[in-house]
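Enquirer: Build the 3D model from these lines:
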Amino acid sequence: QVQLVESGGGLVQAGGSLRLSCAASGRTFSLYGVGWFRQGPGKEREFVAALDWRGSNTDYTDSVKGRFTISREHAKNTVYLQMNNLKPEDTAEYYCAALTDYYSDHLNFRKYNYWGQGTQVTVSS
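Expert: Got it, this is the predicted structure:
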């Protein structure tokens, strides 16, 4: 079993930065790929970024490339999402999730085995 807890969300002005954290419990977490998804009001859940269990393979949705960086720190069982140059359209609830096989279909939220409770990010213009 893996339990995930997100933190780091908040209210920020456009152009600002936030760093989201996804802290995990469970000794096997280091073997999981991890993704970040977001869901804005009235919108479908959207893939944001993901990385494999090593942290060496990463993927981003086009709208955040060059602004967001996903990384992981195995010693702390934590995955981060550094978000720079935030835009109002980044406003959403952000969720981290873990999956056993990053290489199969990490873009598909249905492939993920465990989810956190979410953290709200609000970007004002």
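
Enquirer: Every contact and neighbour count from this point should use C-alpha atoms.
Expert: OK.

Enquirer: Go ahead and confirm Arg72 touches Gly55.
Expert: Yes: with contact defined as Cα atoms under 8 Å, Arg72 reaches Gly55; the gap is 6.2 Å.

Enquirer: Please say which of the two ends up with more neighbours.
Expert: Arg72 (23 against 18; other Cα atoms under 10 Å).

Enquirer: got a pLDDT number for the more buried one?
Expert: Looking at Arg72, its pLDDT is 96.

Enquirer: any idea how far Arg19 is from the closest residue to it other than its chain neighbours?
Expert: In this structure, Arg72 finds its nearest non-sequential neighbour in Val79, 4.1 Å apart by Cα to Cα, 6 or more residues apart in numbering. From Val79 over to Arg19 the distance is 10 Å, taken as Cα to Cα, to the nearest Å.

Enquirer: do the same with Gln82
Expert: The value you get for Gln82 to Arg19, if Cα to Cα is used, is 4 Å.

Enquirer: Repeat that for Gly116.
Expert: In terms of Cα to Cα, Gly116 sits 16 Å off from Arg19.

Enquirer: quick one: which of those two has more around it?
Expert: Applying other Cα under 10 Å to Gly116 and Arg19 shows that Gly116 carries more neighbours, namely 20 against 16.

Enquirer: Helix or strand: which one has the residue nearest to Arg72?
Expert: Assessed by DSSP states H and E, Val79 sits inside strand 78-83.

Enquirer: helices or strands next to the next helix or strand after that strand in the packing?
Expert: Once the chain leaves strand 78-83, the next helix or strand it forms, by DSSP H and E, is strand 92-99. Under the contact criterion of 3 or more Cα pairs under 8 Å, 6 or more residues apart in numbering; DSSP states H and E, strand 92-99 touches strand 3-7, strand 33-39, strand 114-115, strand 119-124.
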